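Visitor: sequence and predicted structure are below.
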Amino acid sequence: MNSKCIFAIASQALARAGLAGCCFAAAICAPAPAAAAQPDPAKTLAYIHQAWPTLTRALGDCSALADSKVATHPVLYVPADMAIAADLAALKQRCGVDVRALPRTIARIGDLPPQELPAQGVLYLPNPYVVPGGFFNEMYGWDSYFIVLGLLADHHNDLARGMVENQLFEVEHYGAVLNANRTYYLTRSQPPFLSSMIRAVLADPASFRNKDDAQAWLKRAYPLAVRDHDIWTSRQHQLGDTGLARYFDYGSGPVPEMRDAKYLRDVIRWLRAHPQDDPGYLIKASAKPDAVEATRLKQTSCDVRSSKVCADAWLDGYRLSADFYLGDRAMRESGFDVTFRFGPFAGSTHHYAPVCLNSLLFRYEQDLRDFATRLGLGEDAKRWEAAANARHAAIDKYLWQPDQGTYADFDEQTGKASSYAYVTAFYPLWAGVANREQATALRQKIALFERKGGLSMSTTNSGVQWDEPFGWAPTNWLAVAGLDAYGFHDDARRLAQKFSATIDRGFADDGTIREKYNMVSGDAKVQIKAGYKDNVIGFGWTNGVYLKMHELLTATPSTP
């Protein structure tokens, strides 16, 4: 059968990493589509069923070690308290990778700044895992939830359970569920779905030998899930005295995985062209600071002496403020990189209590209550019930807008709710936060975001990928699942059909499944003006969500 291999960057990444002799399955091989092919859900499903092995990695494979985001020699790090097994040591000869132990144990995220390591590398995980696709060649935090849903729907229970165990391993040895298992992510997490992943695996009996096996697994997982939750109630992740959480990265300055300063110069260029929209991100500075100015910039911007990206992030006499860099890092923890939802280029992310994060944490606390109850930990269950109730009250106080009939992010700097319409307003339905009156009011907001292809991220066309006109699998699924849970089955099925049809059209057009889609045109034709501009092929969470939407569309609707 005639076929084509997509994404030639894979081989380029291998060559740069010195792994040209290894197999790199991140390049997706898809059937060459016929001219003017008609969308066919059966063909989309067949492709997804066959895609999981292509997207699966194991750290004993050379293909799992390549990283096109950094130019250094590949390194595999194991936890400081773990011996380097013979099969890992053998990777040095077989794959040309250095295998090292981390310099010390990590109790919590941020304990080991990535810049203290001699080189950046991949962090060891014990089980195989599914990557998103393309150059995303590692296991990601929130991607994994939607991937696990798809794996369970496709009866790959062992792989799904292994991915959850990998995240538990990250909590135990790296301090939290990480953005992904790379050392440059040791300062941040991602949207907290660990308890939902545990719950999904527990709900499928095929994941365990018997009920005792499932109970033993939960007994081990529960304290690690508690430890992961604790990072979101730490001082750094709290937004003042609101009782709500914020996104926060424990580093400073440009993120270490940023290979050059082009994006940062683009931000400066945009702010210079829109001075009325600059919240104070720009500061005047020299292109080549002397020692005195460099010392000052370390506090007001970033360290030009230790980071080439920082040094090169200059344009027209301006640099970016230290607060912008904090916001930029927090934006990356949020997963919504990039949007204008939290200021231009989301540079004020850390100043907001987001609807999405706090809805996820409410669900997390309810899950922990249920886990504790199942384990016979009555006092723990009461504590988690109280925590969920307190967060619910704070959500109603700060995030629910009764006059607007919607949820909105809270801006600590202004003391007001944001007016930026964003599709994450539907997260409270998925999390079960909304009461019936709130859910009914929120249902009226569907029209703000509904387009030909499904739900758009926002009503603002900022030119970046997490805004109008673009739509993504995770946010479409959470809205659809939430609407369905509240009994709005017709809305859920209509939106699921629209988004699934968009994926079908994209697949018929070029034989691929993508990370994001154009909701206005209802296809995969994506043109982005600023920031990250690719539309990667794969794609793990799109595959998973398509399968879940297929389940919903082929099931008999339940009674509210």
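Guide: Sure, I can see it. Numbering: from 1, shown residues only.
Visitor: wait, isn't Tyr229 in contact with Phe362?
Guide: You called it Tyr, but residue 229 is His. No - if you go by C-beta atoms under 8 Å, His229 and Phe362 don't touch, sitting 11.4 Å apart. The way it works is simple: take the backbone N, C-alpha and C, and place the C-beta from them, glycine included.
Visitor: which of the residues in the longest helix anywhere in the chain are buried?
Guide: Under DSSP state H, the helix in the chain containing the largest number of residues is helix 489-510. By neighbour count with 16 or more other C-beta atoms under 10 Å, helix 489-510 contains the buried residues 489, 491-496, 498-508, 510.
Visitor: quick one: the helices in the stretch 151-300 of the chain?
Guide: 157-174, 194-202, 211-230, 262-273, 291-300 (DSSP state H, counting those that start in this stretch).
Visitor: typed the wrong thing, it's the stretch 451-560 of the chain
Guide: Under DSSP H, counting those that start in this stretch, the stretch 451-560 of the chain gives helices at 473-485, 489-510, 540-554.
Visitor: can you list the low-confidence ranges for this structure?
Guide: The chain contains residues with pLDDT under 70 at 1-36, 557-560.
Visitor: go with 50
Guide: 1-34, 559-560 (pLDDT under 50).
Visitor: endpoints of stretch 456-472, how far apart?
Guide: The first and last residues of stretch 456-472 sit 8 Å apart, counting by C-alpha to C-alpha, to the nearest Å.
Visitor: coming back round to it: in CSV: the helices of the stretch 151-300 of the chain, plus distance to Gln401 and mean neighbour count.
Guide: Output for these, formatted as CSV (distance: least, C-beta to C-beta, whole Å; neighbours: other C-beta atoms under 10 Å):
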stretch, distance to Gln401, mean neighbour count
helix 157-174, 34, 22
helix 194-202, 26, 23
helix 211-230, 27, 16
helix 262-273, 29, 17
helix 291-300, 35, 14
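Visitor: reformat those as TSV; add distance to Leu448.
Guide: Formatted as TSV, those follow (distance: least, C-beta to C-beta, whole Å):
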stretch	distance to Leu448
helix 157-174	34
helix 194-202	26
helix 211-230	32
helix 262-273	25
helix 291-300	39
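Visitor: between the ones you listed, which gets nearest to Leu483?
Guide: helix 194-202 (17.5 Å; C-beta to C-beta).
Visitor: mind giving me the packing neighbours of that closest one?
Guide: helix 143-153, helix 157-174, helix 211-230, helix 355-374 (3 or more C-beta pairs under 8 Å, 6 or more residues apart in numbering; DSSP states H and E).
Visitor: what angle separates the shortest one from helix 157-174?
Guide: Counting by axes from the mean of the first three to the mean of the last three C-alpha atoms, to 10 degrees, helix 143-153 points 160 degrees away from the direction of helix 157-174.
Visitor: contact partners of helix 143-153?
Guide: 48, 52, 129-130, 132, 136, 157, 159-160, 163-164, 167, 193, 196-197, 200-201, 204, 207, 473-474, 477, 540-541, 543-548, 550-551 (C-beta atoms under 8 Å, 6 or more residues apart in numbering).
Visitor: could you dump stretch 349-367 to PDB, C-alpha only?
Guide: The C-alpha trace of stretch 349-367 is given here as PDB (Å, rounded to 0.1, in the frame of the first residue of the first chain):
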ATOM      1  CA  THR A 349      -1.100  34.500  34.200                       C
ATOM      2  CA  HIS A 350       0.300  34.300  37.800                       C
ATOM      3  CA  HIS A 351      -2.000  37.300  38.800                       C
ATOM      4  CA  TYR A 352      -5.200  35.400  38.100                       C
ATOM      5  CA  ALA A 353      -7.300  32.700  39.800                       C
ATOM      6  CA  PRO A 354      -8.400  30.700  36.700                       C
ATOM      7  CA  VAL A 355     -11.800  29.100  36.400                       C
ATOM      8  CA  CYS A 356     -10.100  26.000  34.900                       C
ATOM      9  CA  LEU A 357      -7.500  25.400  37.600                       C
ATOM     10  CA  ASN A 358      -9.900  25.800  40.500                       C
ATOM     11  CA  SER A 359     -12.600  23.600  38.900                       C
ATOM     12  CA  LEU A 360     -10.000  20.900  38.400                       C
ATOM     13  CA  LEU A 361      -8.900  21.200  42.000                       C
ATOM     14  CA  PHE A 362     -12.500  21.000  43.200                       C
ATOM     15  CA  ARG A 363     -12.800  17.800  41.300                       C
ATOM     16  CA  TYR A 364      -9.500  16.600  42.700                       C
ATOM     17  CA  GLU A 365     -10.600  17.200  46.300                       C
ATOM     18  CA  GLN A 366     -13.900  15.400  45.700                       C
ATOM     19  CA  ASP A 367     -11.900  12.500  44.200                       C
END
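Visitor: many thanks, I have nothing further to ask.
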